[in-house]
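> I need the structure of the sequence given here:
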Amino acid sequence: MQELAQGNAAVGAARYRALAGGTVFLASALLALTGCSKTVGSFDTDDSNQTKMSNLWALVQFKPIPSQPQPFAPIKCPEISVQDGTAEDRVYGPGDDHSNANVRYQFSIINFARDCQIVGNQYQMKVGVEGRVLLGPLGSPATYPAPIRVAVVSRADGSATVSKLYRVPASVPAGGTEGPFTIVTDPLSVPVTGKYSDQDYIIKIGFDSQANGDVGAPRAHHRHHPAAAAAGAN
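Numbering: from 1, shown residues only. Coordinates of the predicted model:
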């Protein structure tokens, strides 16, 4: 038996306005990450976004294994949250100017989900993340690699049992100012620790700015915003 894992992040979108022949980048980034159990197969979100959220959940779900015996039922997923300070990632233009006017582009996480299953003695998790890239004053339409890191962390000692970096293409079309991206991980496997394995791990997601794969681009920096944990259903 699988458990819906759900998460929701509402990100304040950055806005650009032309003023006196120049472009001013106004970025407001309020990230609220909440998680609660409502209806299986849905996210705690506004109705207007329900279709989009359900699509992410459909992508992240494991397919049933009819002949697979489950040692524990129901199978619960660990808590999932955005690592503090990694909800957004900004890339600046040349030099040491980290002002809004020198921003090339900015990545933001919007939604996330996970699903879990047990295969043998392995506790497998799939994680889905939706986000977007938003152009700054120095940006131009192109495809940019969003450096998403997903880690399964042991609660016992805080070490990462599994940690993987995904460089996800985020494309801004010609004439546009932003573009979406979606990543669904391969199954991340950790050992089954007992009847309550979900309580022994926590899933952390976020941008790894030090591993930004934009070859030739200036050093990436992420803004630090506190991120509340989004717990799965119990």
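> Point out where the chain drops to low pLDDT.
Across the chain, the ranges flagged by pLDDT under 70 are 1-54, 64-74, 211-234.
> quick one, strands of it?
Assigned strands in the chain, in chain order: 5-11, 15-19, 22-26, 31-34, 79-82, 88-92, 103-119, 122-135, 143-154, 160-171, 178-184, 188-191, 201-207, 220-221 (criterion: DSSP state E).
> which one of those strands lies closest to Gln61?
strand 103-119 (5.1 Å; CB to CB). For every residue, glycine as well, the C-beta is placed using N, CA and C.
> strands paired with that closest one, and their directions?
Applying DSSP bridges to the sheet, strand 103-119 is found paired with strand 5-11 (antiparallel), strand 88-92 (antiparallel), strand 122-135 (antiparallel).
> Give me the angle between the shortest one and strand 143-154.
Yep, that's strand 88-92 we're talking about. 140 degrees (axes from the mean of the first three to the mean of the last three CA atoms, to 10 degrees).
> likewise the last one?
On the basis of the same axes, to 10 degrees, strand 122-135 is oriented at 150 degrees to strand 143-154.
> What residues of strand 122-135 count as buried?
By neighbour count on 16 or more other CB atoms under 10 Å, the buried set for strand 122-135 is 123-135.
> Just give me the neighbour total for Asp96.
Neighbourhood size, Asp96 [other CB atoms under 10 Å]: 8.
> show me the contacts for it.
Not one residue lies near Asp96 by CB atoms under 8 Å, 6 or more residues apart in numbering.
> gap between it and Tyr196?
Separation of Asp96 from Tyr196 (CB to CB, to the nearest Å) stands at 49 Å.
> Equivalent analysis for Gly131, please.
Going from Gly131 to Tyr196 by CB to CB gives 31 Å.
> and if you look at Val150?
Distance of Val150 to Tyr196, computed by CB to CB: 22 Å.
> With Ala160 instead?
As for Ala160, its distance to Tyr196 is 20 Å (criterion: CB to CB).
> Then Ser154?
From Ser154 across to Tyr196, the span is 14 Å (CB to CB).
> out of the two, which sits in the busier spot?
Between Ser154 and Tyr196, Ser154 has the larger neighbour count (other CB under 10 Å), namely 15 against 9.
> which residues touch the more buried one?
By CB under 8 Å, 6+ apart, Ser154 lies in contact with 160-161, 200-201.
> Also Ser171?
142-144, 179, 181.
> And for Gly176?
If you count contacts by CB under 8 Å, 6+ apart, Gly176 has them with 135, 141.
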